[in-house]
Every structure is written in C-alpha cells, then in structure tokens.
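> Give me the fold of what follows.
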Amino acid sequence: MALSTAQSLAPTWLAITERRENSLFSPPPSLSSMYSVSFFRRKNSKNQDIESSHDAKVIELKSALGPLSGRSLKYCTDACLRRYLEARNWNVEKAKKMLEETLQWRSTYKPEEICWNEVEDVGKNGLISRADFHDRFGRSVLIMRPGLQKTIAGEGNLRHLVYLVENAILSLPEGQEQMTWLIDFTGWSLNTNVPIKVARDIIYVLQNHYPERLALVALYNPPRIFQAFWKVVSYFIDAKTFHKVQFLYPLRKESEEIMKSYFDAENLPIEFGGTKSLKYDHGEFSRLMAQEDEKTAKFWGFDYKPSNHVSKVHALRIRDGS
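As a prediction, this is how the structure comes out:
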C-alpha cells in the first residue's frame with residue numbers, strides 16, 4: 001500500500017522538482033522589460049488623468065459661458081471648446097475670453113453667410129481653392145497660389161479666405177478638426193504680395209477665431225526674397241502656429257519626407273512634388289461652391305438664394321451639355 005502510494009505521488013513530485021529546477025536556471029525577467037511595463041502603466045495612467053482633467057475643463061468652460069442659443073449654441077460643441085482650451089493652454093478664463101470674442105465676431109462678420117458669388121472675383125484665377133483630395137489623415141486641403149494675386153489686396157482677400165476656411169471645416173470628416181494648407185510660390189514676387197496690414201489682419205482672424213484648425217502650412221519653394229517678408233509677418237504669429245509652418249523645397253530629402261508623411265504621391269499635384277496634374281477650372285469650382293453654399297445654409301439654418309451669376313453658369317453648362 002505504501003509502495004503504491006509512493007508510486008502514485010512520484011509523477012507529481014517529479015513535476016514539482018522539474019519546475020523548481022527550471023526556475024533556478026531560467027533567467028529572471030530583464031530589468032528593462034520590467035521597467036518598460038511599469039513605465040507604460042504609469043504613462044497610460046498619466047494620459048487618463050490628463051484626459052479626465054481636460055474633460056473637466058470642458059465642462060467648466062461650458063458652465064462659465066452660460067446659456068447659449070441659436071448659432072452660438074451650434075458653434076460651441078465640446079470639440080470647439082477643446083480647441084479654444086488647447087489654444088490657451090487649458091486656462092478656462094483665457095479660453096472663455098477668446099471664445100466670447102469669437103462669438104461676438106461671428107455675430108457681426110457672419111462668416112457662415114458669405115456666399116461664393118460675393119468673393120469669387122478675388123480668386124477667379126485659382127488664387128485659393130479647396131482641393132478635391134484629403135491628406136493621409138482625412139483633413140481638408142486648401143491650395144494657395146500667391147503668385148496669382150492680381151486684384152488689389154484688401155478686405156476682399158480676407159473674406160475670400162474666411163469663406164474657404166468655413167467651407168473646408170464643414171467638409172471635414174467626423175472626428176477631424178484640422179486642415180492642411182499647401183502654398184505654391186511659383187510666380188511670387190513683392191509685386192504680387194499682399195500688404196503687411198492685410199497679412200496681419202488675416203493672421204489675427206485665423207489665430208483668434210479659428211484656433212487649432214491648422215495641422216500644417218506648407219510653404220513650397222518660396223524664393224529667397226520671401227524671407228524678408230516672413231521675418232516681418234512672423235512677428236504676429238503665435239508660437240503654436242509658427243511651429244506648424246514648414247519651408248519645403250523640391251529635391252530636398254527632408255522636404256520630400258514631410259510631404260510623403262502627409263500625402264499620397266498620386267493625390268499630390270506635380271507642383272508640390274506629386275504626380276497629379278491639377279488645373280484650376282473656375283466654372284467647375286463655381287458650380288461646386290454653389291452646391292456647398294446650399295449645404296452651408298442648411299447646416300446653419302438660413303435660406304439660400306443662388307446668385308444670378310451662379311444660375312447663369314449652371315445654365316450655360318446645361319446648354320453646352322456639360
């Protein structure tokens with residue numbers, strides 16, 4: 001009986017002994033792997049704490065703003081409040097002041113009510129247009145060609161840009177808050193440049209009323225003389241926006257890598273180092289913007305009345321069978 005019991009216990013004893021021996025001779029977990037796991041857990045916990053803190057700031061800002069109505073209520077989404085808080089380093093009082101100034105500006109300037117027919121003369125040669133492609137992250141893309149500036153720069157330039165920025169924002173996919181700018185400096189000179197005052201006004205509106213909307217501003221192949229203008233203009237640009245501006249040049253590896261990280265070559269126009277042939281068609285773009293104006297009016301809740309010019313363009317296309 002004793003022998004039988006010992007025999008039955010032998011496999012169990014051998015298994016325990018083998019595990020103990022293996023544990024003696026197997027290497028212990030490396031300090032680096034233990035540190036990595038610990039660091040990941042601390043980092044993840046820290047990120048969760050930051051996110052919780054930011055959520056609380058959004059609620060605090062919403063409460064500080066008080067009751068809103070109409071378009072102000074529609075404008076002040078949680079994502080919007082986050083952008084203003086981010087722009088003011090999550091300081092609720094500063095973000096509140098900034099947002100209230102924007103709401104006041106929007107109530108008087110009414111950027112959402114600007115229609116294409118009001119601003120198209122400024123960019124009828126393709127000065128600024130919304131691209132028919134997005135970047136790798138789904139962001140809307142605005143293409144600018146300052147060398148094509150023909151009109152006398154002034155308030156019309158600002159309204160034209162504001163119109164296209166508003167349109168680009170409404171064209172963003174759900175969950176995406178930013179856009180990308182591609183600026184082609186072909187043909188640019190001091191004669192085609194906007195005055196410093198206009199540039200300053202544009203920068204002010206973009207920074208103060210469209211915070212955290214820019215992901216990248218690609219200044220592609222700017223001439224050396226542009227540096228002088230840039231030194232003056234950059235004085236008005238805040239640090240966060242400044243770091244999003246990239247000077248990029250063809251045939252430079254670093255510039256090519258940046259463009260590749262944001263765009264697929266088949267979507268990127270040739271003038272920006274891609275393979276796509278892009279030619280601005282004002283009639284086609286006007287028809288697209290007329291359709292976009294209808295969507296904008298529906299989104300903000302006002303009646304849209306197409307201009308006679310847009311109607312004529314549409315009629316001509318129908319007559320021509322295009």
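> Show me where the stretch 201-322 of the chain has its helices.
226-233, 239-242, 253-262, 282-300, 308-320 (DSSP state H, counting those that start in this stretch).
> Go through those and pick out the most buried.
Most buried of these, by mean neighbour count (mean count of other C-beta atoms under 10 Å): helix 282-300, with a mean of 16. From N, CA and C alone the C-beta is placed, and that goes for glycine too.
> Could you tell me how far it lies from the centre of the chain?
In terms of C-alpha atoms, centre = their mean, to the nearest Å, the centre of helix 282-300 is found 21 Å from the chain centre.
> again with stretch 126-145
Using C-alpha atoms, centre = their mean, the offset of stretch 126-145 from its chain centre is 11 Å.
> what pLDDT, on average, does it get?
Mean pLDDT, stretch 126-145: 94.
> Take that stretch, keep the C-alpha atoms, and write them as CSV.
Taking C-alpha atoms only, stretch 126-145 is exported to CSV below (Å, rounded to 0.1, in the frame of the first residue of the first chain):
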residue,chain,number,x,y,z
GLY,A,126,-7.3,80.0,-58.7
LEU,A,127,-5.6,82.1,-56.1
ILE,A,128,-7.1,79.9,-53.3
SER,A,129,-9.2,76.8,-53.8
ARG,A,130,-10.2,73.7,-51.9
ALA,A,131,-8.5,70.6,-53.2
ASP,A,132,-10.6,67.6,-54.4
PHE,A,133,-8.5,65.3,-52.1
HIS,A,134,-7.7,65.0,-48.5
ASP,A,135,-4.4,64.3,-46.8
ARG,A,136,-3.5,61.0,-45.2
PHE,A,137,-5.4,61.9,-42.1
GLY,A,138,-8.6,62.8,-43.8
ARG,A,139,-8.1,66.6,-43.5
SER,A,140,-9.4,69.1,-46.0
VAL,A,141,-6.7,70.7,-48.1
LEU,A,142,-6.6,74.3,-49.2
ILE,A,143,-4.3,75.2,-52.1
MET,A,144,-3.0,78.7,-52.4
ARG,A,145,-1.0,80.3,-55.2
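> Next, format the helices of the stretch 201-322 of the chain as CSV and append mean pLDDT and distance to G138.
What follows is those, written out as CSV (pLDDT from 0 to 100; distance: least, C-beta to C-beta, whole Å):
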stretch, mean pLDDT, distance to G138
helix 226-233, 90, 29
helix 239-242, 91, 21
helix 253-262, 95, 11
helix 282-300, 95, 18
helix 308-320, 41, 29
